[in-house]
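1. 3D, please:
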Amino acid sequence: MPIFGARRRTKASGHAGEPPPAFELSVPEYRAVVRVIEHARACLVLRSGSDAATIHNASGGELASLLHQRASAARARGVREVPMLPGEIRHLEAAVLNLESYGGHETVLCEGYALLEHCEALAAALSRRST
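-> The predicted structure is shown next:
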């Protein structure tokens, strides 16, 4: 007779209690990500006419909030790097694409694309190390 309610759980990281793999942003990279997200938000507020929740999501605001919390925790532990999960790159990508769509400043747009490329390379290197 089968036992209902008993099921196997799989861990994404492979070990119980182990945090998911993340790559590290330096302080200048973290500040640049925040700068790109803030500029995207400002452009969307001025030009999109969308509601606050849509602007928050489209500008990468969720990533900024997460990174801010991690940066504060890292500082408290005496660590300078800020961890970022590979799956969070999509938030930066949304900010960069919306910067381009809504007429963001060219310098910030270039910085955003460079950051996006850099984060994707860091995520790829992390993926190669974990396999």
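
2. For the rest of this, base every contact and every neighbour count on C-alpha atoms.
-> Noted.

3. Surely residue 47 and residue 102 touch.
-> Yes: Residue 47 lies in contact with residue 102 (Cα atoms under 8 Å); the separation is 6.5 Å.

4. More neighbours: the two, which one.
-> Using other Cα atoms under 10 Å, the more surrounded residue of residue 47 and residue 102 is residue 102, with 17 against 12.

5. Check the contact between the more buried one and residue 44; I expect there is one.
-> Yes: applying Cα under 8 Å, one finds residue 102 in contact with residue 44, separated by 6.6 Å.

6. Just after the helix or strand hosting residue 97, pick out the following helix or strand.
-> Here residue 97 sits within helix 89-101, counting by DSSP states H and E. For helix 89-101, the following helix or strand on the C-terminal side (DSSP H and E) is helix 106-130.

7. What separation do you get for residue 107 and residue 119?
-> Going from residue 107 to residue 119 by Cα to Cα, to the nearest Å gives 18 Å.

8. which residues sit against stretch 118-131?
-> Residues outside stretch 118-131 that contact it (Cα atoms under 8 Å, 6 or more residues apart in numbering) are 21-23, 85-86, 89.

9. Any regions of the chain where pLDDT drops low?
-> For the chain, residues meeting the criterion pLDDT under 70 lie at 1-17, 131.

10. can we see that at 80?
-> Low-confidence segments of the chain (pLDDT under 80): 1-20, 130-131.

11. before we move on, back to that, ok, residue 107 and residue 119, which is more surrounded?
-> For the pair residue 107 and residue 119, the greater number of neighbours falls to residue 119 (22 against 9), based on other Cα under 10 Å.

12. how close does the more buried one sit to residue 33?
-> For residue 119, the distance to residue 33 - Cα to Cα - is 10 Å.

13. go on, residue 106?
-> From residue 106 to residue 33 the distance is 15 Å (Cα to Cα).

14. More neighbours: which of the two?
-> Ranked by neighbour count (other Cα under 10 Å), residue 106 and residue 33 place residue 33 first, with 25 against 11.
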